[in-house]
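Trainee: Here is a sequence with its predicted model. Questions after.
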Amino acid sequence: MTKIDLKRLPVHIAIIMDGNGRWAKKRNLARIFGHQKGILTVRRIIKNCRKLGIKILTLYAFSQENWKRPNHEVTLLMDLLKEYLLTEMPELIKNNIRLHAIGDLKNLPKEVYQILIHTIQKTKDQDKMLLNLALSYGGRDEIIKAVRKISIDYKNKGHSPEEITEKVFSEYLTTRGIPDPDLLIRTSGEMRLSNFLLWQMAYTEIYVTKVLWPDFKKRDLDRALISYQKRERRFGLTSEQVKKGLTI
């Protein structure tokens, strides 16, 4: 297999971790076993990304739509999240990884929310890598809330709507200060964004694999990175313009 060019790595990788339920169903197991196995994959991929030198990893851990799942499954997922945060905080600190979270976090169970905020605070000075968890997150909801905030601010400050630029708008998103993803990886073969980082994905390279998330290993991550490195990122320009070093 072609080797990864460590000088051309994406700065920011986002992953839609799909297929836990199908992984369990294929083995005649309850869905929770798929989620438990998926947690092991999370640990493995975080470790792999850190070793490679990936600066930012955003994981779509729980969407707003996931609240509609059966109550017992949601409860189990929240328990797994709590257990993960409690277990991984020492590892995050040891490996110099800062935790961040985006989404409607106040919808999380109180104890889970408190542990999440505590972990974020404890790791705030780590600077080797940023682990960004999307929890109770919805891309459309994020955009609507940004529109509301910017409308109120601009009305109160007397600014003109013409002053709102893409850069200004991005500052009202939960990802403010974080560069847009260079690469999106989606497991399980589904070909959709599922309401994930809709604004931020404007020029993200998309890689879809049929591998279910619990089975996603380093070799699968490597394949995604190699695919990314074979692409020409033109951002609307021509190949000739890119070769001349022009940017938008």
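Mentor: That came through, no problem.
Trainee: Where does the residue most central in space within the chain sit: helix, strand or coil?
Mentor: By Cα atoms, centre = their mean, the chain has its centre lying nearest to Thr58, at 2.4 Å. For Thr58, the assignment made with DSSP: H, G, I helix; E, B strand; the rest coil gives strand.
Trainee: Could you double-check that it sits in contact with Tyr137?
Mentor: No. Distance between Thr58 and Tyr137: 9.8 Å, which falls outside the contact criterion (Cβ atoms under 8 Å). Heads up, the C-betas are built off the backbone N, CA and C, glycines and all.
Trainee: Just give me the residues shared between the contact sets of the two.
Mentor: With contacts taken as Cβ atoms under 8 Å, 6 or more residues apart in numbering, Thr58 and Tyr137 have Ile102 as neighbours in common.
Trainee: Next, the residue of the chain most remote from its centre: phi, psi?
Mentor: Centroid-distance maximum for the chain: Gly158 at 35.3 Å, with Cα atoms, centre = their mean. Gly158 adopts backbone torsions of phi 70, psi 20, taken as degrees, to the nearest 10.
Trainee: cool, and Lys106?
Mentor: Dihedral angles (degrees, to the nearest 10) for Lys106: phi -70, psi -10.
Trainee: check contacts around it.
Mentor: When contacts are counted by Cβ under 8 Å, 6+ apart, Lys106 touches Tyr113.
Trainee: Can you list the residue ranges for helices in the protein?
Mentor: Counting by DSSP state H, residue ranges of the helices within the chain are 20-26, 31-52, 71-94, 110-122, 139-157, 166-170, 218-229, 239-243.
Trainee: Make CSV out of those helices and add mean pLDDT and mean neighbour count.
Mentor: Converted to CSV, these look like this (pLDDT from 0 to 100; neighbours: other Cβ atoms under 10 Å):
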stretch, mean pLDDT, mean neighbour count
helix 20-26, 97, 18
helix 31-52, 97, 18
helix 71-94, 96, 15
helix 110-122, 97, 15
helix 139-157, 93, 14
helix 166-170, 95, 12
helix 218-229, 97, 18
helix 239-243, 59, 11
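Trainee: coming back round to it: and the residue nearest to the centre of the chain, how close does it get to Lys68?
Mentor: Thr58 sits 23 Å away from Lys68, going by Cβ to Cβ, to the nearest Å.
Trainee: ditto for Arg31
Mentor: Distance, Arg31 to Lys68, using Cβ to Cβ: 15 Å.
Trainee: Ok, Thr175 next?
Mentor: Distance from Thr175 to Lys68, by Cβ to Cβ: 24 Å.
Trainee: Have a look at the two and say which one is more surrounded.
Mentor: Using other Cβ atoms under 10 Å as the criterion, Thr175 and Lys68 rank with Thr175 on top: 21 against 8.
Trainee: Return the distance of that one relative to Gly103.
Mentor: 11 Å.
Trainee: next one: Met129
Mentor: On the measure of Cβ to Cβ, Met129 and Gly103 end up 20 Å apart.
Trainee: and if you look at Leu52?
Mentor: For Leu52, the distance to Gly103 (Cβ to Cβ) stands at 26 Å.
Trainee: residues contacting Asp220?
Mentor: Applying Cβ under 8 Å, 6+ apart to Asp220 gives the contacts Thr209, Val211.
Trainee: Recalculate using a threshold of 6 Å.
Mentor: Val211 (Cβ atoms under 6 Å, 6 or more residues apart in numbering).
Trainee: again with the one 4 residues further on
Mentor: Contacts for Ala224 (Cβ under 6 Å, 6+ apart) come out as Ile185, Tyr207.
Trainee: do the same with the one 4 residues further on
Mentor: With contacts defined as Cβ under 6 Å, 6+ apart, the neighbours of Tyr228 are Pro10, Leu183, Glu205.
Trainee: Please report how far the last one lies from Glu91.
Mentor: Read that as Glu205. Distance, Glu205 to Glu91, using Cβ to Cβ: 29 Å.
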